[in-house]
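Undergrad: Pasted the sequence and its predicted model underneath.
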Amino acid sequence: MAGDLSVAYQNIALFYSGVNNVEAQKWLRNVQESTLAWTLCDRILTDGHDPLACCFAAQTLRQKILKSLGELPHETYLSLRESLISHLSHINVSGHDQIADATATQLCLSVADLYIQVPQWNNWIAELLNKFTALEGDRTRMLLTLLRVFPEEIQTVRVGENRRNEIRDELAASGSSVLNYLSQVLEAHHTDSDMLKKVLQCLSAYLLNPALSTDQLASSRLMASVFHIVASIEAPTALHDAATECIVSALYRAEDQGAHLALATNLQQAVYQLHGAFNTAVALEDIDKLQNFGRIFTELAESLVEKIVNLANNDPTSLGSMHTLELLLLLAGHHDYSLVEMTFNVWYRISEGLFMIDDDAHVAKFKPYVNKYMLALYRHSRYDSEEDGIPDQDGDFADFRLKMYDMLATCAQSHGTWDEMEAALFIIATIIGNLVPEEDSVVPDLVKAIVGLPINSHPALLRTSMQLLGGCNEWLQKHPQYHDQVLHWLLQLATIPKFAAIATDAMEKVITKAAPDLTRLVPSLIMLIPHLESSQTMGKQMELAISCTLKACTALIMNLSEVEVQIRLTELCKPIIQRFDQVLHAVPTIQMNKENERAADSWARLAGEPILWIDRIATIFKEIRPWCGGKSKGNVQNGNSSPAPWLDIATALYHVLSASLKKYEAVGRTVEHACRSIRFLVRSLGVQSIGLVEPLVTQMMDIYSRHQHSCFLYLSSILVDEYGAMEAVQPGLMVMLQTLATGTFSLLAKENGPRDNPDTVDDLFRLSTRFVTRAPSAFFAHPVASALFNCGIACLTLDHQDANRSVTRFFVETIEQLMSARKVSGPLRRDMSEIICMLGKVDRMYYYYVNRNNEFGWNQQQVNFHAVHWALQMHS
C-alpha cells in the first residue's frame, strides 16, 4: 500500500501539471476502475498533506459510490459513511481556498449519494447537520454545501421512486429549521457576496423538493431579501444570477397554486415591483441583468398562464391579472431579440388556452396585447435594409426568425419598402400552413401578388415568397387554377443558382400534394437537372436542388400508366448509371468544360464523389411505392404478379451499386449510403427483387469478413423481412446469418466491444429478431441461435437505448414464439424445444422483476439482465 500511495502522489502531481501526463492518466484511470481505489483514496484523505491529491481522491470516491457501490459488502457501508464524515470534519473551508472548497463539495456529494442509495438508513440528515453544527470553528460554508447537495442529488441519483420520496419527506420535515438557518446566515453575512450566493443556491436546491411546504417562505424576510438583491443594480452578476435562479425555482414550485397559493400570491406582487429595476437595467444596457429579468417575468407568466387565460382580470392582486402580459411586452419592446424569444412558449400556451374558450368577449380582452406583441415581432424580424444579398441562414438572427414559426397565431399584411414587405410575408409564412385549404378571401390575392414579383426583386424578398408558396401546398392542392402560375414562377427562379435550392424545395412541396394533376411537368423537371448540373457556383446548393427535383419528378411519375412509368424512370435513372460508372472507372465527370472542373465551388467538383450518385438513387427509390402487382397484393407470394415497371432499371442500378461496394468496401460512409440505396431498391420491388438476393448476400458476406460494417446487418434484416417466410430461400439466409454473426461475435469479443460498437449490437439483434418472427423454424434449429442468445445476455446491460431495446425485443419476440409453439406440433415445436425451456422461465420471471422494479430501484437494463440471468441459473 505504501508503494501504491507514493506512486499515486507522483501520478496525481504529474496529471495536474498538464505536461507529458498520458501515462499518469492511464495509471490513474486504471486505479479508479479497480477496487484498490477505495482504500487508496481513504488513505490520501487521511494523510491530508497534498490538497490536489485530496481533491482527486474525493472526486474518485464520489464516482465510485455512484457507479460501483456494489463492489463493497453491505456491512462496510456504515464504516464508509463514518470515514467520509471524518474526512469532511477535518477540512477547513472557512476561507476561500478553492481546492479545499472543491474537496469538501465532493465529499458532501459522496455522503449524500451514499445515504440516498442505502434504503435501510432513515432520518439521519438532521442528525448529520447537528453534528457539524457542534464542531469547533466556523462550519457555515460546509453546512450550506451539505444542505444544498441532498435535495440536488435526490433529483438525479438512480434509485427507486419509493426511496426518492422517503428522502424528500425527510428533507421537507426539516424545512422550517433550514429556512430559519438560511435567514440567520443571510443577516450575519449580508456584506459577503460569496456567502450570500451559497445561501441562495441552497434555497434554490430546497425549492426543488415537491414535498416542501412553502407557506413559511412565502412571507419570510428571506424571500424579501432575495428580491432586494435582484432589484439592486449594484449587485454583482454572479449574485444576481443566483438570486434569479432562486426566484425562478420558487415560481416553478408556485405553478401548483393549490399547494402553494400563498407563495404564488406573494411572488406575483414581488415580481410586479421589479418593473422599475428592469427600466434601470435598460437605461444602463446591463444585458446580463436584463436576461435575468426576462427569465423571471417569463417564469411568472408560465406559472400563472392558466389563471390568466381563464380570468383575464385587470385587478393587479388577482393571479389572473393581465398585468403579467405587460411584463412580457416589456421584454418584446427591447431591441435585444433574445428577450422576446424567451416569451415564445408563453404566448403559444396562451393561444392554445384561448382556442378552447368559446367566448368572443373574453378572447377579445387579449387582442390589444396580441397586437402589441405582433408589432414587436414584426420590428424584430426585419433585416437590415442595407442588406444586399441573401442573408446568412446559420446565424443567431436566422435562428430567432425560425423559432417564430412555432408560436405565431395571427398576422397582418403590410406594404412598403422591401424589408417591410419581407418581414410581413415572413410572419404570414409562419402560419400559412394552418389556414383551412378552402380559404378564399386573402390567400388568392396574396398568391397573385407573389407570382407577380419580378425575378429581379430583392433576393431576401424572393426567398421568403418562395418559402410562403411552399407552405401554401395544401391550399394550392384545393385550388388547381393557380398551379400553372405558381410553378412557372418557381421554375424561373430554380434556374438561378442562388435561388435554386429554395425554389425547388417549394416546388417539391407543391407537387407532392397535387401530383395527379401535374404529371405534365415531368419533362420540364427532367430538363432542369442538367441545367442545375452546369452551374459553376454553389455546387452543394445545386445538388440539394437536384434532390428536390428528383423527389418531385418521381412523385409525378408514380401517377402515370405502367408503360409511361417504365419510360420516365428509365429516362431519369440512365444518366445516373452512366455518370456513376464514369466515377467508378476514374473517368473525368465532365470533359467539356475544364475550367468548370477546376472551380472550387462548382457542381462538377462534387460529381466525382460516389456518394452523390448513390444518394440520387436513394432519393428516387425512396419515393417509389412498393410494387404489389398492380392493384392487388394477393398473388405476390405465388410469383404471379406482373413485373414491376422499373424492374429492369432497378437491376441495372443494383449492378452499379454492387460495383461501388466492391471498389469502396473499406470506406464505411460510402458502404452505408450504398446499403441504404439497395434497401430502397429491394423495398420498391418486393419479392421481385429475388434475382438480386443471391449475389447481394454473397457480396455482403465476402466484404463483412474483412470489414464489419453494421449497415450490412441492417440490410440483411430487410432481406429477411422480404424473403424470410419463403422456405426455398431460408437455407441461404441462414448461411448469411451464420457468417455475419460470426464476424460480429469476434468484434464484440474485444475489450469493451459492445460498448464501443452499440450500432452493431442494435443491427445484429434487429436482424436476429427478423429471423425469429419470419423464419422461426429455420432459426431455432440452427446452432447460431444459441450463440446469439448468449451474446444477447451479455449485451443486456449495455447502456445504450437503441441497442438495449433491440436486444430486449429479441428476447420478447422469442418468448412470443414460445407461446405460439405451444399451439403447434411438428418441426417448429421440435426445433425450438431446448431454447424454449430456458425462455419459459425468463417469460415468468421477467414480469416478476418488472413488478418489483421500484422496490429494488433498478433501471430497465438491470431488470432485463437479472431476469435472464436468473433463468440461466435455473436452467443450469
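TA: Looks like it arrived, so ask away.
Undergrad: Which element is encountered next along the chain beyond the host helix or strand of residue 787?
TA: Assigned by DSSP states H and E, residue 787 belongs to helix 784-795. Sequence order places helix 801-821 as the next helix or strand after helix 784-795, per DSSP H and E.
Undergrad: Have a look at the chain and report the helix or strand with the lowest mean pLDDT.
TA: Least confident helix or strand, the chain: helix 853-856 with a mean of 42, by mean pLDDT, DSSP states H and E.
Undergrad: Can you tell me what sits against whichever strand or helix holds residue 108?
TA: Element membership for residue 108 (DSSP H and E) is helix 98-117. With C-beta atoms under 8 Å, 6 or more residues apart in numbering as the contact definition, helix 98-117 has outside contacts at 45, 51-52, 54-55, 58-59, 61-62, 65-66, 69, 77, 80-81, 84-85, 87-88, 91-93, 121, 124-125, 128, 141-142, 145-146, 149-150, 153-154, 157, 159, 163, 167. To be clear about C-beta, it is placed using only N, CA and C from the backbone, and glycine gets the same treatment.
Undergrad: send the alpha carbons of the following helix or strand past that helix over as PDB?
TA: Once helix 98-117 ends, the next helix or strand along the chain (criterion: DSSP H and E) is helix 125-133. Only the C-alpha atoms of helix 125-133 are listed here, as PDB (Å, rounded to 0.1, in the frame of the first residue of the first chain):
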ATOM      1  CA  ILE A 125     -29.900  14.100   7.700                       C
ATOM      2  CA  ALA A 126     -30.900  16.200  10.700                       C
ATOM      3  CA  GLU A 127     -28.500  14.300  12.900                       C
ATOM      4  CA  LEU A 128     -25.700  14.900  10.400                       C
ATOM      5  CA  LEU A 129     -26.400  18.700  10.300                       C
ATOM      6  CA  ASN A 130     -26.500  18.900  14.100                       C
ATOM      7  CA  LYS A 131     -23.100  17.000  14.300                       C
ATOM      8  CA  PHE A 132     -21.400  19.600  12.000                       C
ATOM      9  CA  THR A 133     -23.000  22.500  13.800                       C
END
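Undergrad: which helices and strands does helix 125-133 pack with?
TA: Where contact means 3 or more C-beta pairs under 8 Å, 6 or more residues apart in numbering; DSSP states H and E, helix 125-133 is packed against helix 77-89, helix 140-156, helix 161-173.
Undergrad: Check which helices and strands the last one sits against.
TA: Under the contact criterion of 3+ C-beta pairs under 8 Å, 6+ apart, helix 161-173 touches helix 98-117, helix 125-133, helix 140-156, helix 853-856.
Undergrad: Just the angle for the second one relative to helix 77-89, thanks.
TA: Orientation note: helix 125-133 sits at an angle of 40 degrees relative to helix 77-89 (axes from the mean of the first three to the mean of the last three C-alpha atoms, to 10 degrees).
Undergrad: List the buried residues for stretch 657-669?
TA: Within stretch 657-669, the residues that count as buried by 16 or more other C-beta atoms under 10 Å are 657-661, 664-665, 667.
Undergrad: circling back to that earlier point, whichever of the contacts of helix 98-117 end up buried, select them in ChimeraX.
TA: ChimeraX command restricting the contacts of helix 98-117 to the buried ones, with burial defined by 16+ other C-beta under 10 Å:
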select :45,52,54,55,58,59,61,62,65,66,77,80,81,84,87,88,91,93,121,125,128,141,142,145,146,149,150,153,154,157,159,163,167
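Undergrad: Need phi/psi at residue 313.
TA: Backbone torsions for residue 313, taken as degrees, to the nearest 10, come to phi -100, psi 140.
Undergrad: which residues does it bridge with?
TA: Per DSSP bridges, the residues bridged to residue 313 are residue 321.
Undergrad: neighbours of it, just the number please.
TA: Residue 313: 16 surrounding residues under other C-beta atoms under 10 Å.
Undergrad: ok so, going back, JSON lines for the helices and strands packed on helix 125-133, including distance to residue 290?
TA: JSON lines is the format used below for the helices and strands packed on helix 125-133 (distance: least, C-beta to C-beta, whole Å):
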{"stretch": "helix 77-89", "distance to residue 290": "40"}
{"stretch": "helix 140-156", "distance to residue 290": "27"}
{"stretch": "helix 161-173", "distance to residue 290": "34"}
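Undergrad: follow-up on the earlier one: mind exporting the helix holding residue 787 as CSV, just the C-alpha atoms?
TA: What follows is helix 784-795 as a C-alpha-only set of coordinates in CSV (Å, rounded to 0.1, in the frame of the first residue of the first chain):
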residue,chain,number,x,y,z
VAL,A,784,-26.3,-19.8,-34.3
ALA,A,785,-29.5,-19.3,-32.3
SER,A,786,-27.9,-20.4,-29.1
ALA,A,787,-24.8,-18.2,-29.8
LEU,A,788,-27.0,-15.2,-30.4
PHE,A,789,-28.9,-15.9,-27.2
ASN,A,790,-25.7,-16.0,-25.1
CYS,A,791,-24.5,-12.8,-26.9
GLY,A,792,-27.8,-11.1,-26.1
ILE,A,793,-27.5,-11.9,-22.4
ALA,A,794,-24.0,-10.3,-22.4
CYS,A,795,-25.4,-7.2,-24.1
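Undergrad: could we number from 36 for the rest of this?
TA: Sure, I'll start counting at 36 from here, so that last one is helix 819-830.
Undergrad: Between helix 836-856 and it, find me the angle.
TA: Orientation check (the same axes, to 10 degrees): helix 819-830 against helix 836-856 gives 140 degrees.
Undergrad: ok, back up a step: of all the helices and strands packed on helix 160-168, which lies closest to residue 460?
TA: helix 175-191 (45.4 Å; C-beta to C-beta).
Undergrad: which outside residues touch the closest one?
TA: The contact list for helix 175-191 (C-beta under 8 Å, 6+ apart) reads 123, 126, 128-129, 136, 139-140, 143-144, 146-148, 150-151, 160, 163-164, 167-168, 199, 202-203, 206, 213, 216-217, 220, 224, 230, 233-234, 236-237, 240-241, 243-244.
Undergrad: centre of the chain versus the helix holding residue 822, how much separation?
TA: 30 Å (C-alpha atoms, centre = their mean, to the nearest Å).
Undergrad: list the contacts for the nearest residue to residue 560 once chain neighbours are set aside?
TA: With C-beta to C-beta, 6 or more residues apart in numbering as the measure, residue 588 is the residue that lies nearest to residue 560, at 4.3 Å, once sequence neighbours are left out. By C-beta under 8 Å, 6+ apart, the contact list for residue 588 reads 557, 560-561, 607.
Undergrad: Confirm residue 588 sits in a strand?
TA: No. Assigned with DSSP: H, G, I helix; E, B strand; the rest coil, residue 588 falls outside any strand and is helix.
Undergrad: what separates it from residue 542, distance-wise?
TA: Distance, residue 588 to residue 542, using C-beta to C-beta, to the nearest Å: 10 Å.
Undergrad: Do a quick rundown of the helices in the stretch 536-685 of the chain.
TA: 557-568, 574-592, 597-619, 629-633, 638-641, 645-657, 682-698 (DSSP state H, counting those that start in this stretch).
Undergrad: low-confidence ranges in the stretch 636-785 of the chain?
TA: Low-confidence segments of the stretch 636-785 of the chain (pLDDT under 70): 636, 664-676.
Undergrad: need the strands for it, in chain order.
TA: With DSSP state E, counting those that start in this stretch, there are no strands along the stretch 636-785 of the chain.
Undergrad: so where's the stretch 786-911 of the chain uncertain?
TA: Short version for the stretch 786-911 of the chain, where the test is pLDDT under 70: 853-911.
Undergrad: give me that answer again for 80
TA: Across the stretch 786-911 of the chain, the ranges flagged by pLDDT under 80 are 832, 853-911.
Undergrad: before we move on, what about the stretch 436-585 of the chain?
TA: For the stretch 436-585 of the chain, applying pLDDT under 80 flags the ranges 436-477.
Undergrad: Residue 574: neighbour count?
TA: For residue 574, the count of nearby residues is 21 (other C-beta under 10 Å).
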